[in-house]
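> Here is my input, please return the structure:
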Amino acid sequence: MSIDQMMLLALLCCALGLFVWGRWRYDLIAFSVLLLAVVLGLVEPMEAFEGFGHPAVITVATVLILSRALSGSALISLLSRHLERYSGQRPLVQIGSLGGISSILSAFINNVGALALFMPVALRAARRAEFAPGLVLMPLAFATILGGLITLIGTPPNIIIATYRAEVTGEYFAMFDYAPVGLPVALAGVLFITFLGWRLIPRARREGGPVPRIIEIDDYVTELRVPETSPLIGRGPRQIQAIFDEQRVALLELIRDHQKVQLATWRGRVRSGDIVVIGAAPEEISETIQILGLKLVGAGPSDTKTDGTRGLDLIEAVVSPEGMLTGRTAEGVALRSRYGIDLLAVSRQGRRIHGRLHTVRFRAGDVLLIQGPGNEMSETLARLGCLPLLDRGLTIGSVGNAWLPIVLFAGAIAAASTGIVAPPVALGIAAMAMLFLKVISLREAYDSINWPVIVLLGSMIPIGSALETTGATVLITDVILNWELTLSPVLILVLVMVITMTLSDIVNNAATAVIMAPIALDLANRLGTNADPFLMAVAIGASCAFLTPIGHQNNTLVMGPGGYRFGDYWRMGLPLELLIVALAIPLILIVWPL
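From the prediction side, this is the model:
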C-alpha cells in the first residue's frame, strides 16, 4: 500500500466518522476533506473543483427546481385533496393510499418534496380517524424513499450512477431503465409497509389513542413574560407552582434580569418583567396566556410583534436536516429582524430543551411553534428549510399556469426517454422554460436547490476519482475478492448491495453512491462481468436507508412529529431491507445479466 493510498483511505475514514458523528454539517466536512486532499497532493489543484461542473450536480439541481414547480401544479393539489378526503378510517386504507400515491410522486420529484406535500395530509387524516401520528408518518416516509427507485431522477444516487455509467460506456441510463427493477421493489415494499410493516412500529408510538391536535409531541418549551396586570404578581414559589399545576402546565424555570432563579430554594415574589419558562401543548399555552394574562416573549429581546398584532399565522413546522436552521440558534439566524417571524416554542422529542429560546441550537427534526405574517410564511419556511405541519405552504405560480409545469416536465421526460437529448440537458431545458414562462420565480428556483447536497456532491466527486487514480479502489476490491465466501459474482453482487445499504444508513446517500460507484466498477472489471448490475446494486442500496433516523432526510423529518425514538426505525426497516435485497438481486440478474 502506497503512502497516497494510505492517506486517502485514512482521510475517507475520517470523513465517514465525522458524517456519522453529526457535529458539523456534511457539506462542510466534504469541502474540508476536498481541500485537505488537495494540500496532501491526492487531488490535483486544477481538478479540485471539476466536481461542481459534473453532470450529476447539474442534474440534481435542475430536478430540485422542477420538483418545486411541480409541487404547485393542479394535479398535486387535486391528489392531496382527494387523499385527505378518502384516506379512510382503517390503517390499511390510510397507509396504503398515502404510501402508494406518495411513492409514485417521489419517482418524479424530490423525496423530501413528496414528504412535505403529504405529511400534513397524513396528519389531518390521522386526526380525523383518531390515529396516533406515529402510526402513519414512518410508513409515509419509507414509501416516499421507495418511490425514488423507479426513475432516473427519483433520487440523487440514481443520477450519480447514471453519470458514472456514461463516463465508462458513453451512454446514460435512460429515464425508465431503473423501472424494471425499481418498480417491483417499490411495489413490494409499499405492500409490505401497508399490510405488515406498520404493525412492527412500537405500540407506544402507533397506539397513542385519539389525537387532540395536529401533532402528538412532547410539551413545547415556551417563554412567557409577566406583565403588571398578571395575577402572578406578588405570588411566591409554592403559589405559582400550584397555579401552573392547575393549568396542567409544567413550570420549568423563572428568569429575572437574564438570570435563572432556583425555584427549589427561592423565597422571593414574582414581579413585573419576570419570565416564566413552561412546558405545554400549543392549546395549553394559549389558555395559560389568557387566564394568567401573560405575554409571549418570542425569540428576541422585544415582544411587541407578538402582542396583539393582527394578520399573523401560528404554524408548527419541523426543521429539515439541510435547512439553514440546523445547528444554529434563533438569535444567530435573526429570525425576527431578518425574517419577521417569532419563535414561540420548541419541542425536541425525547429530551427537555434547556436554555433560553433564542439561544437553543436547533437540530434536524425539532418541531417549532412560530408566528409571522400569513401571506409570507410559505416563502419564509421554504427559505429556512422547514416543513409546515398544518398546510403544505408550497403553492407555486399562478392558477393559470397550474398545468404548465406538468406539460413541460412531461416533455422533458419524453425527450430524455427517447434519446433525443441527454437527461441533464432535457431537464435543464425544462427548468429554464419554467423560469422564462414564470411558472416559478428565479428566487424560488435558487431557494429550491438543496445547496448542502450540491456542495457535498461537488466535493466528493473528486475524492471518488482519487480513489481510482491512486489505486485505492484496487485495494478495496482485492479485499472483497479474497474473501472465501464471496468467490461467486452473484454473492459479490449481494455483498455490494448490503455494504452500500449499510453505509447509507449512517451516511448521506449521495456520498454513499459516490464512494461505492468506482468500487463497483472496479469489481465488475476484475471479475470480467457486466458493470450494469453492480451499478444498479449501488443505486438501490444507496437509496434504501431504513434502519436509522439519520440515514435519510425523510426519516429525520418524521422523528419529532411522529414521536419516534432512534431505535424504532430498524423494527420495520430491517425486514424491509431484507425484502429489498431478496427481491432486487434476482431482478437485477434478469434485467442486467452478469
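> lowest average confidence, helix or strand, in the chain?
Taking mean pLDDT, DSSP states H and E as the measure, helix 74-86 is the helix or strand of the chain with the lowest mean score, a mean of 64.
> immediately after that one, which helix or strand?
Note on helix 74-86: by DSSP states H and E, the next helix or strand toward the C-terminus is helix 91-105.
> which residues touch that following helix?
Defining contact as C-beta atoms under 8 Å, 6 or more residues apart in numbering, one finds that helix 91-105 is touched by 76, 79, 83, 86-88, 114-115, 117-118, 121-122, 125-126, 129, 131, 135-136, 139-140, 142-144, 146-147, 150, 186, 190, 193-195, 198. In this view, the C-beta of every residue, glycine as well, is placed from N, C-alpha and C.
> cool, stretch 187-195 as well?
Here stretch 187-195 makes contact (C-beta under 8 Å, 6+ apart) with 92, 95-96, 99-100, 103, 139, 142-143, 146, 572, 575-576, 579-580, 583.
> from the chain's centre, how far out does that stretch sit?
What separates the centre of stretch 187-195 from the centre of its chain is 21 Å, taken as C-alpha atoms, centre = their mean, to the nearest Å.
> Show me what counts as buried in that stretch.
Neighbour-count burial for stretch 187-195 flags 188, 189, 190, 192, 193, 194 (criterion: 16 or more other C-beta atoms under 10 Å).
> For residue 358, state which of the residues you listed is nearest.
Closest approach between those and residue 358, by C-beta to C-beta: residue 193, at 40.0 Å.
> And that closest one, which helix or strand is it part of?
helix 179-195.
> Whatever helix or strand comes next after that helix packs against which elements?
Next helix or strand after helix 179-195 toward the C-terminus (DSSP H and E): helix 203-206. Using 3 or more C-beta pairs under 8 Å, 6 or more residues apart in numbering; DSSP states H and E, the elements in contact with helix 203-206 are helix 133-147.
> okay, the angle between the helix it packs on and helix 179-195?
Between the axes of helix 133-147 and helix 179-195, defined by axes from the mean of the first three to the mean of the last three C-alpha atoms, to 10 degrees, the angle is 170 degrees.
> Quick check: what element follows helix 133-147 along the chain?
Moving toward the C-terminus from helix 133-147, the next helix or strand (DSSP H and E) is helix 156-169.
> So for that following helix, what gets flagged as buried?
Within helix 156-169, the residues scored as buried using 16+ other C-beta under 10 Å are 156, 157, 158, 159, 160, 161, 162, 163, 164, 165, 166.
> quick one: pLDDT of the nearest residue to residue 38 once chain neighbours are set aside?
Once flanking residues are discounted, residue 38 sits nearest to residue 48: 4.9 Å by C-beta to C-beta, 6 or more residues apart in numbering. Listed pLDDT for residue 48 reads 89.
> Wait, residue 48 touches residue 36, no?
No. At 10.9 Å, residue 48 and residue 36 do not qualify as touching, with contact defined as C-beta atoms under 8 Å.
> Residue 326 should be in a strand, yeah?
No. Counting by DSSP: H, G, I helix; E, B strand; the rest coil, residue 326 is not found in a strand; it is coil.
> Which residue is the nearest non-sequential neighbour of it?
In space, residue 326 is closest to residue 364, 5.3 Å off (C-beta to C-beta, 6+ apart).
> Equivalent analysis for residue 383, please.
Using C-beta to C-beta, 6+ apart, the closest residue to residue 383 is residue 447 (5.4 Å).
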